[in-house]
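Q: Predicted model, plus sequence, below.
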Amino acid sequence: MHSQTDRKAAPSLIYLVEDEDSIRELVLYTLDNSGLDAKGFAEGKSFWQAMEEKQPDLVLLDIMLPGEDGLSILKKLRSSKFARLPVIMLTAKGSEYDKVSGLDGGADDYIAKPFGLMELKARVKALLRRTQPGNQEEFRLGDLRVNIPRHTVTSGSGEISLTIKEFDLLVYLLRNEDSVLSREQLLQQVWGYDFTGETRTVDTHILTLRSKLGPAGAFVKTVRGLGYKIGEGE
């Protein structure tokens with residue numbers, strides 16, 4: 001009983017990788033004063049050392065870093081034991097390439113610099129809410145099993161490792177089984193924001209999701225000219 005209470009009381013741990021000292025200190029101060037436990041790193045090496053000691057609940061990751069850049073760190077995270085870790089990318093102002101590259105690379109969200117600290121805090125807390133265990137709920141489709149609170153996906157071939165965003169996408173499709181969902185709907189509901197003109201991000205995630213699901217990927221269907229749906233029927 002005591003251990004459960006302690007876990008609930010402990011603040012979420014946030015890692016920030018940002019090489020600009022003034023930005024890093026300001027963000028850390030803001031997060032610490034919002035009931036979160038935030039730690040900062042100026043480059044990838046110290047970040048990776050900390051990751052091996054303690055895994056955070058969320059990572060804020062700048063793209064432009066000395067040495068190993070943010071997109072390289074993101075790619076390494078998504079292909080490691082930290083694949084499901086929520087990540088928000090910090091991108092250069094108006095950089096469409098950085099934004100799309102981050103989302104396609106498995107980032108859960110992005111914030112363009114310069115950003116408002118209130119917006120940053122809101123985005124961090126929103127993503128933490130989405131990635132915390134929810135109600136006891138499990139979906140079954142054929143031999144595909146998706147357990148929400150445990151954040152597990154299994155099929156006949158065993159457990160399947162998905163990123164947070166791939167998991168959210170799969171769950172949203174399952175919550176709307178047999179309903180056709182447009183790319184715009186998926187962007188708004190799964191990513192949480194209106195990424196106008198960025199439906200390629202949805203297509204990329206659908207392709208990756210199908211591939212990871214193996215034979216169960218056949219349940220995810222393209223409806224030409226409309227969007228996607230999931231189900232056993234045509």
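A: Good, I have the coordinates.
Q: quick one: low-confidence ranges for this structure?
A: Low-confidence segments of the chain (pLDDT under 70): 1-9, 93-95, 132-136, 193-199, 234.
Q: one more time with 50, if that's ok
A: Within the chain, the stretches with pLDDT under 50 are 1-9, 135-136.
Q: in it, which spans are strands?
A: 13-17, 37-41, 58-62, 87-91, 109-112, 138-141, 144-147, 152-155, 158-160, 220-223, 227-230 (DSSP state E).
Q: mind giving me the domain split of this protein?
A: Following automatic domain parsing, one finds the domains of the chain at 2-131, 138-230.
Q: Can you measure across the shortest one, start residue to end residue?
A: The straight-line separation of the ends of domain 138-230 (C-alpha to C-alpha, to the nearest Å) is 16 Å.
Q: Pretty sure D178 is one of the things G231 touches, is it not?
A: Yes: the pair G231 / D178 is scored as a contact, 4.2 Å apart, by C-beta atoms under 8 Å. Every residue, glycine included, has its C-beta placed from N, CA and C.
Q: circling back: may I see the domains of the chain arranged in JSON lines, with mean neighbour count as well?
A: Compiled in JSON lines, the domains of the chain are given as follows (neighbours: other C-beta atoms under 10 Å):
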{"stretch": "domain 2-131", "mean neighbour count": "17"}
{"stretch": "domain 138-230", "mean neighbour count": "17"}
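Q: so who does the residue nearest the centre of the chain touch?
A: Nearest residue to the geometric centre of the chain (C-alpha atoms, centre = their mean): D108, 3.0 Å. Neighbouring residues of D108 by C-beta atoms under 8 Å, 6 or more residues apart in numbering: P86, V87, I88, L127, T131, T163, I164, K165.
Q: now do 10 Å
A: 58-59, 85-89, 102, 123, 127, 130-131, 163-165, 168, 190-192 (C-beta atoms under 10 Å, 6 or more residues apart in numbering).
Q: same check, this time on R175
A: Contact analysis of R175 by C-beta under 10 Å, 6+ apart lists E137, F139, I148, Q189, I230.
Q: Tell me what the second one is bridged to.
A: Under DSSP bridges, the beta-bridge partners of F139 are V146.
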